[in-house]
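Visitor: Build me a structure from this.
(2 chains)
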Amino acid sequence: MSIDIDTARRVAHLARIAVKEEDLPALAGELSNILTFMEQLNEVDVEGVEPMTSVTPMRLKRREDVVTDGGYPEKILSNAPDAREGFFAVPKVVE
Amino acid sequence: MSDLTKLTIAEARDALRKRDVTSVELTEACLKEIEGADALGAFVHKTPEIALERAQAADARLKDGDAPAMCGIPVGIKDLFCTRGVPSQAASGILEGFKPEYESTVTQNLIDAGSVMLGKLNMDEFAMGSSNETSVYGNAVNPWRRGNEDTALTPGGSSGGSASAVAADLCLAATGTDTGGSIRQPAAFTGIVGLKPTYGRCSRWGVVAFASSLDQAGPMTKSVRDAAIMLGAMAGHDPKDSTSADIAVPDFEALLTGDIKGKKIGIPAEYRMDGMPEEIEKLWHDGAEMLKSAGAEIVDISLPHTKYALPAYYVIAPAEASSNLARYDGVRYGHRARLAQGDGITEMYEKTRAEGFGHEVQRRVMIGTYVLSAGFYDAYYNRARKVRALIKKDFEDVFAQGIDAILTPATPSAAFGLGEMAEADPVQMYLNDVFTVTVNLAGLPGISVPAGLDKQGLPLGLQLIGRPWEEGDLLNSAYALEQAAGFVSKPEKWW
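Guide: The predicted structure follows:
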């Protein structure tokens, strides 16, 4: 599978990583190489095999749906690049 | 006592309990070594005040008697573990300035056991790498050198700082994490012991996530006995990690008898790779002979899907990483890019992530995004998960035949030079994980034991792979191998 420049641009956008237009050809090349490496998987007969979802066969534990933690907004906000009046602050989302 | 920092955990424990030495003395000796070892790039955030405070507390506890084995033992902590009030960046620019308000379960367990944190250790960014060259802090350097050369070698990765620090006697032991070989490969490159436990043995809570179905924390130590002791302190059920196993943690050290008579050790044909250096081949053969001399039965086995482990890993790990790393958005913690007039939230995300993530991390996030995207999910991600099921079944089949452990080389080569792989295709770097990655895919425990030196005087390791949850038995086989190999070499101090 070869990735073209448009696909590389689309993947970068989906991943929310800004990539300069002039860097797209190199990125497309790198991604193509890695995907080519992955294509060895097509040699394997996976007919009837269930995709592995859990490393250990286990049923996830359940617990009461109750609040077990919280009540310290100042700690939650302490590492924020921009926090104001008890909220995370971000640029305008809706025009 | 002299050379305090060269002690193993077991030796230090005994000396501490006999009051031959105090934890403060041990800790001060380590801090002094660390101060003089900046050339190794191992410790990236030093915490001498926390260390001395905990050492004093440990001494008080030791005085009262009945202190656990890790009490008073100075250790280094990989930067991937969140440690309260101490920078925890996963060696990434995007977590610049991040000081968690909480403590990871594994490091809390170590604190509860009385161990002393000396500081945070270098690693590949988000644990993505095999040479510690993707770190925002710069390279960690291997204390070992080739013969009389002064070429700087990689300590391996991603737990490169941990490996370097333990091998150079800056600390008695260190925590590592292993997603595709990140404990075992650096351990092999630096002549130390590295154990990746069964998936679920150690809690992942508070460990910065890379690939959640593969990540597992483990000890990096100077001996197999130390790995047994430290694993006991790190492990345990944690309700905060839903994949943490609710099973008892045995006394691993008590299981080290060195008796492996009648144990069946498998030698997988598929690990004999084309172009494998003769020295690795010989080491592997010698290792099998040693186990045989110790009374084990050596059995040729087949793990037919081995060849597909790396490509499956390089679909699954980036896919999980792309999801896990979505949280780095410049809103809640870490770096946010400076925005231009009129930039909205999308530009904030895109610029923040472009500035904050290094090249390899960006590449993996994008690969992961691609294999999970509409139209490719089945072709790549689901196929890889099916192949993973087959790889796991390979192991289940040989264990069902009565195999107790599997012996393989730990790495396809000795440590290489920093920068030597810079021009190589990323896939070339990925090949470092060829012997280790199967173990993560199958969720098994694996241990790397130093077993010899190559012609240039660099350490080489062998890997033993065990049955799930049987780290005790695995450690015992590793202990027998360690005793037979008698590896005692140390790097000559140049730093």
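Visitor: Who are the contact partners of the spatially most central residue of chain B?
Guide: Computing the C-alpha centroid of chain B and ranking residues by CA atoms, centre = their mean puts residue B:183 first, at 2.1 Å. The contact partners of residue B:183, taken as CB atoms under 8 Å, 6 or more residues apart in numbering or on different chains, are B:159, B:162, B:176, B:177, B:194, B:195, B:196, B:218, B:220, B:448. Backbone N, C-alpha and C define where each C-beta goes, glycine included.
Visitor: quick one, what contacts the first one?
Guide: With contact taken as CB under 8 Å, 6+ apart, residue B:159 is in contact with B:78, B:121, B:123, B:127, B:174, B:176-178, B:182-183, B:186, B:194, B:220.
Visitor: can you check residue B:243 too?
Guide: A:54, A:55, A:56, A:58, B:199, B:200, B:204, B:212.
Visitor: ok, now how distant is it from residue B:306?
Guide: Relative to residue B:306, residue B:243 is positioned 25 Å away (CB to CB, to the nearest Å).
Visitor: again, but for residue B:265
Guide: For residue B:265, the distance to residue B:306 - CB to CB - is 17 Å.
Visitor: more neighbours, these two?
Guide: Ranked by neighbour count (other CB atoms under 10 Å in any protein chain shown), residue B:265 and residue B:306 place residue B:265 first, with 24 against 20.
Visitor: so which strand or helix has the more buried one?
Guide: When elements are assigned from DSSP states H and E, residue B:265 belongs to strand B:264-268.
Visitor: go on, residue B:11?
Guide: For residue B:11, the element it lies in under DSSP H and E is helix B:9-17.
Visitor: Check which helices and strands that helix is in contact with.
Guide: Helices and strands touching helix B:9-17, by 3 or more CB pairs under 8 Å, 6 or more residues apart in numbering or on different chains; DSSP states H and E, are helix B:23-35, helix B:48-64, helix B:224-234.
Visitor: average model confidence for the helix or strand just after the first one?
Guide: Following helix B:23-35 in sequence order, the next helix or strand is strand B:43-46 (DSSP H and E). Averaging pLDDT along strand B:43-46 gives 98.
Visitor: Check the offset of strand B:43-46 from the chain's centre.
Guide: Centroid displacement of strand B:43-46 relative to its chain, using CA atoms, centre = their mean, to the nearest Å, is 18 Å.
Visitor: from what I can see residue B:88 touches residue B:101, true?
Guide: No: taking CB atoms under 8 Å as the definition, residue B:88 is not a contact partner of residue B:101, at 10.7 Å.
Visitor: List the contacts of the residue nearest the centre of chain A.
Guide: Taking CA atoms, centre = their mean, the centroid of chain A lies closest to residue A:15, which sits 6.7 Å from it. Residue A:15 sits next to B:322, B:353, B:362, B:365, B:366, B:368, B:369 when contact means CB under 8 Å, 6+ apart.
Visitor: likewise residue A:11?
Guide: Going by CB under 8 Å, 6+ apart, residue A:11 touches A:3, A:31, B:366, B:369, B:370, B:373.
Visitor: same question, residue B:492
Guide: Contacts here follow CB under 8 Å, 6+ apart; on that basis residue B:492 touches residue B:145.
Visitor: cool, and residue A:12?
Guide: Counting by CB under 8 Å, 6+ apart, residue A:12 makes contact with A:18, A:19, A:24, A:27, B:366.
Visitor: for the residues you listed, which one is nearest residue B:417?
Guide: Taking CB to CB as the measure, residue B:417 lies nearest residue A:27 of the contacts of residue A:12, at 26.8 Å.
Visitor: Could you count how many residues lie near the closest one?
Guide: Per other CB under 10 Å, the neighbour tally for residue A:27 reads 23.
Visitor: Surely it and residue A:19 touch.
Guide: Yes: using CB under 8 Å, residue A:27 is in contact with residue A:19, at 6.0 Å.
Visitor: follow-up on the earlier one: check the contacts of residue B:183 and tell me the two furthest apart.
Guide: Comparing every pair within the contacts of residue B:183 by CB to CB identifies B:177 and B:448 as the most remote, at 14.2 Å.
Visitor: neighbour count winner among those two?
Guide: Counted by other CB under 10 Å, residue B:177 and residue B:448 do not tie: residue B:448 has more neighbours, with 34 against 28.
Visitor: Show me the contact partners of the helix or strand that contains that one.
Guide: Assigned by DSSP H and E, residue B:448 falls within strand B:446-453. Applying CB under 8 Å, 6+ apart, the contact partners of strand B:446-453 are B:178, B:183-185, B:187-188, B:191-196, B:224, B:227, B:283, B:286-287, B:410, B:436, B:439, B:459-466, B:474-475, B:478, B:481-482, B:485, B:487, B:489.
Visitor: Any of these buried? List them.
Guide: The neighbour-count test (16 or more other CB atoms under 10 Å in any protein chain shown) applied to the contacts of strand B:446-453 identifies B:178, B:183-185, B:187-188, B:191-196, B:224, B:227, B:283, B:287, B:410, B:436, B:439, B:459-466, B:474-475, B:478, B:481-482, B:485, B:487 as buried.
Visitor: which ones among those residues are found in helices?
Guide: Judged by DSSP state H, helices contain the following of these: B:184-185, B:187-188, B:224, B:227, B:283, B:287, B:439, B:474-475, B:478, B:481-482, B:485.
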